[in-house]
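A.B. asks: no sequence for this one, just the structure:
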């Protein structure tokens, strides 16, 4: 289409004459750019409505279509936007200006943010923080998503047709980001590889935890504290050189106050993280990762690499175990406290963590309701009495009083063979514990002793023995 050539020529000509072009020249070029896309009536956004917007912002506009979602178009002064492809190669979703502008746009309840300096182009969904489209040059913009931005196409629904980044791509970016920083910690922090992996697992748990409102007493304080440490690392207050020591203290407090064993003291790890030369750029980049990277499906998919058997454990859909289900069905309020099931990660894969965790919770919930109703009828004859109810509440078994904690500390054992299986299972248990509370709109004060649920897989499990020594049916081998 003709406007493609015109827009490309407009941007390239303006950049060629940049040295002799005043700021007013950029504003005229921006308005012509929008006009060519059909947004001649774009509404200028008052900078006062964009608190925290970077000073490099030349102008912002509200693009409102009659039958389509609104877009905030932010135009930056030249030289402040990094090439989007370079951002993506580092596993990031933002550069500094786009991070701030996407947040400001989201606060205005505008669904999409278009950010450009008339040479580089970013397009975000502010709800999910996904980078939906980008271009390093006007020619790439014309080829990749210029037509999507045309007003008539927006009104037709072009933005809804934009392809979302597939989970495999997002997970690969997160994995590469983690691996890159693990290498930094090994080379510059002189850590063993497994200790560097632990450091990145801590970062993942911390980001996941502060992204969910599940803590009773510490929630807002934890989020605020992380934000302060990241802000300090970015030069937003305090001495940036202290951000590493602040992060180490934060980890220590998560261990003490929340019982999160993954943050237990590790002198070598803490010594490395106290070095601002490592932690400061790490935290700066953490701020530039989208929330969409920190979901359980993406984090699990992050482990889909390397050994073929491990990749299979990531993808494996757990099967129903009839013997295990029969065992759970037999449980009563009298036996459930001691009931325990074993999950063999080697054979069942990592998704079995979620399946059987939820199955145990459902069983506890059912028996808990039966227990409470029976106890109430026995003690009060069915009449509600506040004093009697308080006694009943204090006498609840742990499966009723703390089903989530009991599930991990007593109800389940996860058998792991390799350090990687231990690491992956532990991380998933932390994340699913948080997710389960968030999904049910519940809060907690402390993590259970997650390490107690992880055990070394014996050379031969009970399931192995049953398979090995169970009688063979004649017809299984086609023998009459």
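C.D. replies: Alright, I've got the coordinates. These numbers come from a predicted model, not from an experiment.
A.B. asks: Tell me the bridge partners for residue 71.
C.D. replies: residue 63, residue 112 (DSSP bridges).
A.B. asks: from what I can see it touches residue 116, true?
C.D. replies: No - look at residue 71 against residue 116 with C-beta atoms under 8 Å: they stay out of range, at 11.9 Å. The C-beta positions use only the backbone N, C-alpha and C, and glycine is treated the same way.
A.B. asks: in this protein, which residue is closest to the centre?
C.D. replies: Centroid-nearest residue in the chain, with C-alpha atoms, centre = their mean: residue 294, separated by 1.0 Å.
A.B. asks: and that one, what does it touch?
C.D. replies: Shown in contact with residue 294 (C-beta atoms under 8 Å, 6 or more residues apart in numbering): 204, 207-208, 211.
A.B. asks: just the buried members of those residues?
C.D. replies: Neighbour-count burial within those applies to 204, 207-208; the criterion is 16 or more other C-beta atoms under 10 Å.
A.B. asks: Low-confidence stretches in the stretch 301-450 of the chain?
C.D. replies: 375-396 (pLDDT under 70).
A.B. asks: All the strands of it, in order from the start?
C.D. replies: Across the stretch 301-450 of the chain, reading from the start of the chain, the strands by DSSP state E, counting those that start in this stretch fall at 341-344, 412-416.
A.B. asks: wait, which of these is closest to residue 160?
C.D. replies: Checking those against residue 160 by C-beta to C-beta gives strand 341-344 as the closest, at 40.5 Å.
A.B. asks: Each with direction, which strands does that closest one pair with?
C.D. replies: Listed by DSSP bridges, the sheet partners of strand 341-344 and their directions read strand 412-416 (parallel).
A.B. asks: outside of the partner strand, which residues touch it?
C.D. replies: Strand 412-416 has contacts (C-beta under 8 Å, 6+ apart) with 340-346, 353, 356-357, 360, 422, 425, 429, 453-458, 461.
A.B. asks: cutoff 10 Å now
C.D. replies: By C-beta atoms under 10 Å, 6 or more residues apart in numbering, the residues outside strand 412-416 that reach it are 339-348, 350, 352-353, 356-357, 359-360, 406, 408, 421-426, 428-429, 450, 452-458, 461, 463.
A.B. asks: Just the residues contacting the helix or strand harbouring residue 88, thanks.
C.D. replies: Residue 88 belongs to helix 84-89 when elements are defined using DSSP states H and E. Outside of helix 84-89, the residues within contact range by C-beta under 10 Å, 6+ apart are 81, 83, 92-95, 98, 115, 120-123, 131, 133-137, 140, 165, 169, 173, 176, 288.
A.B. asks: List buried residues within the residues you listed.
C.D. replies: 81, 92-95, 98, 115, 120-123, 131, 133-137, 140, 165, 173, 288.
A.B. asks: Among these, which lie within strands?
C.D. replies: When DSSP state E defines the strands, the subset of the buried ones among the contacts of helix 84-89 inside them is 115, 121-123, 131, 133-135.
A.B. asks: Name the single longest helix found in the protein.
C.D. replies: As far as residue count goes, and with DSSP state H defining each element, the longest helix of the chain is helix 352-380.
A.B. asks: could you check the angle strand 412-416 makes with that one?
C.D. replies: Direction vectors for helix 352-380 and strand 412-416, defined by axes from the mean of the first three to the mean of the last three C-alpha atoms, to 10 degrees, enclose an angle of 160 degrees.
A.B. asks: quick one: buried residues of stretch 11-20?
C.D. replies: Across stretch 11-20, burial judged by 16+ other C-beta under 10 Å covers 11, 14-15.
A.B. asks: Check stretch 96-109 too.
C.D. replies: Neighbour-count burial for stretch 96-109 flags 96-106 (criterion: 16+ other C-beta under 10 Å).
A.B. asks: after the stretch of helix or strand residue 178 belongs to comes which helix or strand?
C.D. replies: Under the assignment given by DSSP H and E, the secondary-structure element containing residue 178 is helix 167-187. Heading C-terminal from helix 167-187, the first helix or strand you meet, by DSSP H and E, is helix 193-210.
A.B. asks: Report the angle between that following helix and helix 167-187.
C.D. replies: 130 degrees.
A.B. asks: could you give me the average pLDDT of helix 193-210?
C.D. replies: The predicted model assigns helix 193-210 a mean pLDDT of 97.
A.B. asks: Might you calculate how far it sits from the centre of the chain?
C.D. replies: 12 Å (C-alpha atoms, centre = their mean, to the nearest Å).
A.B. asks: Tell me the buried residues in the strand or helix carrying residue 250?
C.D. replies: For residue 250, the enclosing helix or strand under DSSP H and E is helix 243-258. Residues of helix 243-258 classed as buried: 243-248, 250-251, 253-255, 257-258 (neighbour count, 16+ other C-beta under 10 Å).
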